[in-house]
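> Structural data only, the sequence is not supplied:
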């Protein structure tokens, strides 16, 4: 079942990344698109727990850092999404989370992930962007991520639950 | 067996260290980062997928265009008529300048006929604002004859330059990226300056112009073109960039700062051309300098 899980996670990440880069820019607001890769990591954390989500977050982040057209210092999204995986996994309730809890987790994680990414940029002086712009992007990202949560999270969580039901029973 | 809620400490440490070392590796090596081969490899895989997805989505993303109402079209006609009249007035008054410019143009063209050709390409991926960098992927790569540091433009003006290529795709740094600096020349006065991006890709994207001669005040609506670099890399000369939309002067250090509105609409970027030397090998038809199609 482990290979199935790896395969499922890979497919989910690839689809999320390609949609985020090639499809959603057509519906972007000020260039801000829903961070689908982050949503996949949060979904995995809510079903599978922090450890799996952290590893998945790291891999997802490295992909986001390397896949074209990314040009920032590699490792920044890796760090941000691994923090997201850790936090989402830690706050996940012990049984099936309510819809409200899922939305709250997504909002918090979206804020956290984009902020960690932006902070690492400020530390590394990677893009010379001012704080007001950063705050605007973070706010936009949270709104967008919450908007697409009802469409994405049930799919992602359902997939991770189905891939390994015996482990997900307690959730 | 319930999923582990607290991950083991060594895993947390290992993953954080891995991200940190990745950042160090990429940030400290100046030219030819150690991460580039990995970027290349991931690009080879994701490039074709992005190209395929865009090909599927393109017809769908055009649908809103069909539903534009009569009112909005009438508004647009009014706007265009107004613009037309304004342009006609400009043409009438600028006949003399135009003639003189044509002479100069002929001179420079004769003096250094660089013979550019364009490789057409389409945008297949846009970096999100959340990454705070303005980059796009286009569907032409090293097989189409592209290399890093080539000029990318479209029919409106300068788009950016190529950062890196895979076999089938290339990553383009847009001129509105906060890290981008372009040498520019104010068309009317030939004053030199530098344009830096503000990191915004939406409709109100702008560029900052700092002139080398700080006593010169650029006039509103002056056109700014590229200044051109040595060996035509990364930017070829004479590509229109934008027009001066606002000028701020700082009394304290007696310098001018001008805001440039780019001609290119970066929010709706699609078909672009990459400037290549004439007669380049390419996997597609190349538009030669005289307008003919070559292979």
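Structure's in. What do you need? The structure presented is a predicted model; accordingly, all values stated were derived computationally and were not measured.

> Apart from its neighbours in sequence, what residue is nearest the residue nearest the centre of chain A?
Compute the mean C-alpha point of chain A, and by CA atoms, centre = their mean the closest residue is residue A:38, 0.9 Å away. Nearest non-adjacent residue to residue A:38, counting by CB to CB, 6 or more residues apart in numbering or on different chains: residue A:113, 5.1 Å away. (Glycine included, C-beta is placed from N, CA and C.)

> burial of that neighbour, as a residue count?
By other CB atoms under 10 Å in any protein chain shown, the residues close to residue A:113 number 32.

> Residue B:75 now?
11.

> got it, and the one 10 residues further on?
In terms of burial, residue B:85 registers 10 neighbours under the definition other CB under 10 Å.

> Tell me the spacing between the closest residue to residue B:36 other than its chain neighbours and residue A:144.
In this structure, residue B:36 finds its nearest non-sequential neighbour in residue B:164, 7.0 Å apart by CB to CB, 6+ apart. As judged by CB to CB, to the nearest Å, residue B:164 and residue A:144 stand 28 Å apart.

> can you check residue A:24 too?
Distance from residue A:24 to residue A:144, by CB to CB: 9 Å.

> now do residue B:247
For residue B:247, the distance to residue A:144 equals 35 Å [CB to CB].

> more neighbours, the two?
residue A:144 (21 against 15).

> Looks like residue A:58 contacts residue A:75 (just checking).
No: at 9.6 Å, residue A:58 does not count as touching residue A:75 under the criterion of CB atoms under 8 Å.

> about what we covered before: what touches both of residue A:24 and residue A:144?
Both residue A:24 and residue A:144 are contacted by A:33-34, under the criterion CB atoms under 8 Å, 6 or more residues apart in numbering or on different chains.

> Find residues that contact each of residue A:58 and residue A:75.
Taking CB under 8 Å, 6+ apart as the contact rule, residue A:58 and residue A:75 both touch B:18-19.

> Wasn't residue B:200 part of a strand?
No: the assignment for residue B:200 (DSSP: H, G, I helix; E, B strand; the rest coil) gives coil, which keeps it out of a strand.

> List the contacts of it.
Counting by CB under 8 Å, 6+ apart, residue B:200 makes contact with A:30-31, A:133, B:134, B:176, B:206.

> out of the residues you listed, who has the most neighbours?
With neighbours taken as other CB under 10 Å, the top of those is residue B:134, carrying 29 neighbours.

> residue ranges for the helices of the stretch 51-200 of chain B, please.
In the stretch 51-200 of chain B, the segments counted as helices under DSSP state H, counting those that start in this stretch are B:63-66, B:70-93, B:95-111.

> rank the ones you listed by mean pLDDT and give me the bottom one.
Of all the helices of the stretch 51-200 of chain B, the minimum mean pLDDT falls on helix B:95-111 (a mean of 50).

> my read: the residue nearest to the centre of chain A touches residue A:112, true?
No: using CB under 8 Å, residue A:38 is not in contact with residue A:112, being 9.5 Å away.

> Report the set of residues contacting both of the two.
residue A:84.

> any low-confidence regions in chain A?
Along chain A, the model assigns pLDDT under 70 to residues A:1, A:94, A:127-129, A:165-171.

> Check it for its longest helix and report it.
Longest helix of chain A, by residue count under DSSP state H: helix A:131-163.

> sorry, back to before: run through the residues that contact the residue nearest to residue B:36.
So residue B:164 contacts B:36, B:39-40, B:43, B:148, B:170-171 (CB under 8 Å, 6+ apart).

> Please name the bridge partners of it.
Beta-bridge partners recorded for residue B:164 (DSSP bridges): residue B:171.

> Give me the neighbour count for residue A:20.
Other residues lying near residue A:20 total 24 when counted by other CB under 10 Å.

> actually residue B:166, not the one I wrote
Here the number of neighbours of residue B:166 (other CB under 10 Å) works out to 23.

> what about the residue nearest to it when sequence neighbours are not counted, is that helix, strand or coil?
Excluding the flanking residues, the one nearest residue B:166 by CB to CB, 6+ apart is residue B:43, at 3.9 Å. Following three-state DSSP, residue B:43 is assigned to helix.

> I'd say residue B:43 and residue B:169 touch.
Yes: judged on CB under 8 Å, residue B:43 makes contact with residue B:169 at a distance of 6.0 Å.
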